[in-house]
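# Just a sequence and a predicted model for now, questions to come.
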Amino acid sequence: MLANNAPLPVLTPETEAFWTGGCEGKLMIMRCAQCMRRHHPPSPVCPHCYSERVAPEAVSGRAKIASFTVNHQKWLPDMKVPFVIAIVELDEQPDIRITTNIVNAPPETIHIGQSVQVLFEQHEDVWLPLFQPEKGA
Amino acid sequence: MTFGEKQVAITGIGQSEIARPSSRSALLLTIDAILAAIEDAGLTPADIDGLTTWPGRMDSDPGFGPVGTTDIKEALGLKLNYFAGGKEAPAQFGAAINAIGAIAAGLARHVVVFRTVYEATTRKQTGAGTAFGTARVPDARFQWQLPMGAMSASNWTALYAQRHFHDYGTTREQMAQIPLNCRRNAALNPKAIYRTPLTLDDYMGARMISTPLCLYDCDVPVDGATAIIFSRADAAGDLRHAPIRLEAVGSALHGRDSWDQRADLTSMAAFDAAKMMWSRTDMKPSDIDTAQLYDGFTILTMLWLEALGFCGKGESGAFIEEGTRIALAGELPLNTSGGQLSEGRVHGYGYLHEACLQLRGTAGARQIAKPVNTAVVGTGGGPLASCMLLRND
Ligand SMILES: [Zn+2]
C-alpha cells in the first residue's frame, strides 16, 4: 500500500541511490570527494567546486523539521488524508533539504525544529525516505 | 546603460470571457483575447510581427498549457519576425520579458504576448484535484515533491506559510485580508467568478486544504485567455490609447531553482526579481500607486509585498492587517480585479491586464479613486518570479 497513493519516481543513474538506499536502511546523499560538501538533488558534478568525484554516501538519517503542513486534500481519488508533509534539513549539513512525510506521530504534535529520524517504506523498486520523531523529541 | 525595457510600451490589451467552464475551445478563447488586444491598440493582424507565450503548448498538461505559438501563427496567418513559447523562463512574465528583449533588440515591432488556461474544463474532464497523474515522475523538479503526496502548489506554498507563521508570528487572521480584499474588489468586477461577500468568519471556518492554507487561500481554476501587445515605444505614440511605459523589469533567479532547497523558506525568487527591478529605476516603493501581485496562494502575495519592499521582511502580516492599506481606497490598492482568488486563475496576465486598466483610468466601478500613474505587477512563486514596473507617460 502506497503511503499516500502518490506517484513513484522514475529511477535514473543519478537518483537511484537516493530512492533505493532504504533497501539497506541507508539514506544516500551525494558527496564530493574533493571539497567534501554534499549536494541534493543529485548531480554528476559538484555544484560547489565542479569536481566530478561525487558519489552517494550514507548519512545518519537524523534531521530537523524546517517546515511542515498537514495535507487534507485528496489530490488523487485513493489518497488517504490527512497526512503530514515536511521539509527536513539534515543534521550533517542543514542546507540539504528533503521533502518528506512525518509518520508515527499525531499531526498536532509536529513542530518546526523537531528532531526526526529517517525510516523507509518500500513500494515496488522504491524505498521512500520518511521521517518520524526521535524518541523524546 | 540604457535598459531595453525603456524602449518598449504596452499599446493594447484584450481578454476573453473568464468561465468555469467555457463553452468555447481554448484556441477560440485565445483568438478572442488576441483580436481584442489588436483592436484595442488600433492595429491590424498584419501589424503583428512578434508572438510569445508562457508556458507554451503542453500536451502533457492541456489545462495549464493548451495553446502554443504555432496554433496562433497558423490560425491567424501571422507573419512573424520573432516568436517564443516555453516554460523554462522566469514565471508567467517570462513571455513578456522575451517580447521586451525582442523589441529592444530590433527583432520585432509589435509583439502579442498571450497566456491561456483551460483548467476548469480539464479538471471537470479528469475529476482530479491535481494535474499530476499517477504515472511515474521523471527526474526533474517535481520528483522531489510528488512521491511524498505533495502534489499541489498549495502544499509547497503551505510549507512557506507555516515557516512564516513560525518565524514572524503571522496569523490566519492577518492572511485572511488577502482573500477578503480580493472578494471586495471582485464584487465590483462583472467578470469575476466569485462576487458574493466573504467574511472573516467564513474564512476562519473554511475547510483546510494544507495547513495553514484553507480553501479561500487557493485560487480558482478557470478557462480564459489574456493578450497584451508590447510595442516599440517609437511606434506606440499614434495608436488608439496613450502608451503605458515599462519603467523597469525583474527576471532574476539567484537562489536555488527548487521549491524546497532555498536557504530561507520565507524567501523566494521574487526577492531576486524585485531587487533587479529596483536596480533599473530611480523609483522607489513609495512611488507606486497600485500593486497587482500573484495570489495563486495567499502567502505568495504576502511574500511579494515583502520582496518588493512595500514592507520589511516578515512584516507583511502587520502590513495587511485590517485590510485598509491594501483596499481600493488605501495607500496601496492591491489586486483590484479580485485577483486569481476571486476573479479567477487566468494565471499572471490578469494582473497585467488590470494594471493597464487602472493606469488608463478605465477600470469601471473598481477604478482606484486617486490618480494612478504607476503600477507594479509581479507573478510567480517559489523558484519562479518576474515583475514589472509600469507607468503612464
Ligand atoms: Zn566539491
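Yep, it's here.

# rest of the way, CA atoms for contacts and neighbours
Noted.

# Going along the chain, name the strands of the stretch 101-250 of chain B.
For the stretch 101-250 of chain B, the strands defined by DSSP state E, counting those that start in this stretch cover B:110-118, B:208-210, B:213-214, B:223-232, B:244-250.

# taking those together, which one is wrapped up most tightly?
Among these, ranked by average contacts under mean count of other C-alpha atoms under 10 Å in any protein chain shown, first place goes to strand B:110-118 (a mean of 30).

# The closest residue in space to residue B:96 that isn't next to it in sequence and residue B:379, how far apart?
Counting by C-alpha to C-alpha, 6 or more residues apart in numbering or on different chains, residue B:96 lies nearest to residue B:113, which is 6.2 Å off, once chain neighbours are set aside. For residue B:113, the distance to residue B:379 (C-alpha to C-alpha, to the nearest Å) stands at 15 Å.

# before we move on, what about residue B:352?
9 Å.

# now do residue B:83
For residue B:83, the distance to residue B:379 - C-alpha to C-alpha - is 21 Å.

# quick one: which of the two has more around it?
residue B:379 (28 against 22; other C-alpha atoms under 10 Å in any protein chain shown).

# was I right about the more buried one contacting residue B:385?
Yes - contact criterion C-alpha atoms under 8 Å: residue B:379 and residue B:385 qualify, at 5.7 Å.

# shared neighbours, those two?
B:91-93 (C-alpha atoms under 8 Å, 6 or more residues apart in numbering or on different chains).

# which of those tops the neighbour count?
Most surrounded of these: other C-alpha under 10 Å gives residue B:93, at 32 neighbours.

# and it, backbone torsions?
phi -70, psi 0 (degrees, to the nearest 10).

# Apart from its neighbours in sequence, what residue is nearest the residue of the stretch 201-350 of chain B found nearest the ion?
Of all residues in the stretch 201-350 of chain B, residue B:256 sits closest to the ion, at 16.9 Å by C-alpha to the ion. The shortest distance from residue B:256 to any non-neighbouring residue, by C-alpha to C-alpha, 6+ apart, is to residue B:262 (5.4 Å).

# And residue A:33, by the same measure?
residue A:53 (5.6 Å).

# Please name the residues that touch that neighbour.
A:32-34, A:45-46.

# Check residue B:192 too.
Residue B:192 neighbours (C-alpha under 8 Å, 6+ apart): B:18, B:186, B:337-338, B:342-344.

# Would you reformat those as TSV and include neighbour count and pLDDT?
Listed next are these as TSV, based on neighbours: other C-alpha atoms under 10 Å in any protein chain shown; pLDDT from 0 to 100:
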residue	neighbour count	pLDDT
B:18	23	98
B:186	28	98
B:337	32	98
B:338	33	98
B:342	30	98
B:343	30	98
B:344	26	98
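
# I'd like the residues you listed laid out as CSV, including distance to chain A and secondary structure.
Conversion of the contacts of residue B:192 to CSV gives the following (distance: C-alpha to the nearest C-alpha, whole Å; DSSP: H, G, I helix; E, B strand; the rest coil):
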residue, distance to chain A, secondary structure
B:18, 24, coil
B:186, 26, helix
B:337, 28, coil
B:338, 24, coil
B:342, 20, helix
B:343, 23, coil
B:344, 20, coil
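
# So which bits of chain A are right by chain B?
By C-alpha under 8 Å from any C-alpha of the partner chain, the residues of chain A that approach chain B are A:3-12, A:15, A:66-77, A:85-87, A:95-101, A:112, A:128.

# All the strands of chain A, in order from the start?
A:27-32, A:38-39, A:54-59, A:62-71, A:83-90, A:97-102, A:115-123, A:126-133 (DSSP state E).

# Of those strands, which is nearest residue B:220?
Smallest distance to residue B:220 across the strands of chain A (C-alpha to C-alpha): 18.4 Å, for strand A:62-71.

# So what angle separates the directions of the closest one and strand A:27-32?
120 degrees (axes from the mean of the first three to the mean of the last three C-alpha atoms, to 10 degrees).

# Flag every buried residue along strand A:62-71.
By 16 or more other C-alpha atoms under 10 Å in any protein chain shown, the buried positions in strand A:62-71 come out as A:62-71.

# now the residues you listed as JSON lines including pLDDT?
Shown next, in JSON lines, are the buried residues of strand A:62-71 (pLDDT from 0 to 100):
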{"residue": "A:62", "pLDDT": "98"}
{"residue": "A:63", "pLDDT": "98"}
{"residue": "A:64", "pLDDT": "98"}
{"residue": "A:65", "pLDDT": "98"}
{"residue": "A:66", "pLDDT": "98"}
{"residue": "A:67", "pLDDT": "98"}
{"residue": "A:68", "pLDDT": "98"}
{"residue": "A:69", "pLDDT": "98"}
{"residue": "A:70", "pLDDT": "98"}
{"residue": "A:71", "pLDDT": "97"}
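
# Just put those residues in JSON lines and tack on distance to residue B:8.
Converted to JSON lines, these look like this (distance: C-alpha to C-alpha, whole Å):
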{"residue": "A:62", "distance to residue B:8": "53"}
{"residue": "A:63", "distance to residue B:8": "50"}
{"residue": "A:64", "distance to residue B:8": "48"}
{"residue": "A:65", "distance to residue B:8": "46"}
{"residue": "A:66", "distance to residue B:8": "43"}
{"residue": "A:67", "distance to residue B:8": "42"}
{"residue": "A:68", "distance to residue B:8": "43"}
{"residue": "A:69", "distance to residue B:8": "43"}
{"residue": "A:70", "distance to residue B:8": "46"}
{"residue": "A:71", "distance to residue B:8": "44"}
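
# The closest residue to residue B:130 other than its chain neighbours and residue B:214: what is the separation?
Distances taken as C-alpha to C-alpha, 6+ apart place residue A:75 nearest to residue B:130, at 5.6 Å, with adjacent residues excluded. Residue A:75 sits 15 Å away from residue B:214, going by C-alpha to C-alpha.

# any weak-confidence spans in chain A?
A:1-3, A:137 (pLDDT under 70).

# and it, which residues reach the ion?
A:32, A:35, A:46, A:48-49 (C-alpha under 5 Å from the ion).

# again, only this time at 8 Å
Within reach of the ion by C-alpha under 8 Å from the ion, chain A has these residues: A:31-38, A:45-51, A:53-54.

# Show me the contact partners of stretch B:178-186.
So stretch B:178-186 is contacted by B:192, B:194-200, B:216-217, B:298, B:301, B:320, B:323, B:326-328, B:334-339, B:341-343, B:366 (C-alpha under 8 Å, 6+ apart).

# try it again with 6 Å
The contact list for stretch B:178-186 (C-alpha atoms under 6 Å, 6 or more residues apart in numbering or on different chains) reads B:192, B:195, B:336-339, B:342.

# before we move on, back to that, how close does the residue nearest to residue A:33 get to residue A:45?
For residue A:53, the distance to residue A:45 - C-alpha to C-alpha - is 8 Å.

# Over to residue B:127?
Relative to residue A:45, and taking C-alpha to C-alpha, residue B:127 is found at 41 Å.

# cool, residue B:45 as well?
48 Å.

# now do residue B:32
48 Å.

# hmm, what's the outermost residue in chain B?
In chain B, the residue that sits farthest from the middle, by C-alpha atoms, centre = their mean, is residue B:136; the gap is 29.9 Å.

# Could I get the phi/psi values of that one?
phi -60, psi 140.

# circling back to that earlier point, quick one: buried ones out of the residues of chain A next to chain B?
Judged by 16+ other C-alpha under 10 Å, buried ones among these: A:3-11, A:15, A:66-76, A:85-87, A:95-101, A:112, A:128.

# Thanks again, I'm all set now.
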